[in-house]
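Trainee: mind folding the following:
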Amino acid sequence: MKDRKLRSHEVMLRMARVRELRASMALSKAHKDEREQKAVVNEVTVTRDAVTAASVACLSRDLPVNMGRYATLAVLEDALAVKWRLASDELISLSKAREASANQSLMAKRYRDHVSTCTDETRRVLEQARSARQLDDGIEVWLGNKVVA
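Mentor: Modelled structure (predicted):
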């Protein structure tokens, strides 16, 4: 094996590290987006529950029903239900994107590990070959010195 093979493995390893870092950054962004969307869904859920409670309280009083308030709460409740559905769908989409990013990150890590193993093996084989050559050269020098003496 030649040093060129080792250099090519080292270049592949650097490229694999870059790919792994990019995949890791994409996963981090996907996780952040999912967390933010969960917060939006939770906020809409809390608001929708508060409006529903106000609507029920409006009907359960012994006083006459304030129809304007009840109608406004009903429209608001419907709008919040639509907003919650859209936010939940977006959360599902972001969760799937995060899972895909996690898979890409895992694949990039495995590839980098594989290339790293190949690079280490190539380095080890080259070092063994160098050591063997040095040993052979040392033996030749020793034998050459014995013959001269």
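
Trainee: in the protein, which helix is the longest?
Mentor: When the chain is parsed with DSSP state H, its longest helix is helix 67-148.

Trainee: check what pLDDT the residue most central in space within the chain gets.
Mentor: Geometric centre of the chain, nearest residue: Leu27, 2.5 Å, by C-alpha atoms, centre = their mean. As predicted, Leu27 sits at a pLDDT of 97.

Trainee: check contacts around it.
Mentor: Neighbouring residues of Leu27 by C-beta atoms under 8 Å, 6 or more residues apart in numbering: 98, 101-102, 104-105. No exception for glycine: its C-beta is placed from N, CA and C like everyone else's.

Trainee: can you flag the buried ones in those residues?
Mentor: Buried members of the contacts of Leu27, counted by 16 or more other C-beta atoms under 10 Å: 98, 101, 104-105.

Trainee: contacts only, for Met25.
Mentor: Contacts of Met25 by C-beta under 8 Å, 6+ apart: none found.

Trainee: secondary structure element holding it?
Mentor: helix 3-60 (DSSP states H and E).

Trainee: could you give the angle of that helix to helix 67-148?
Mentor: Interaxial angle of helix 3-60 relative to helix 67-148 (axes from the mean of the first three to the mean of the last three C-alpha atoms, to 10 degrees): 160 degrees.
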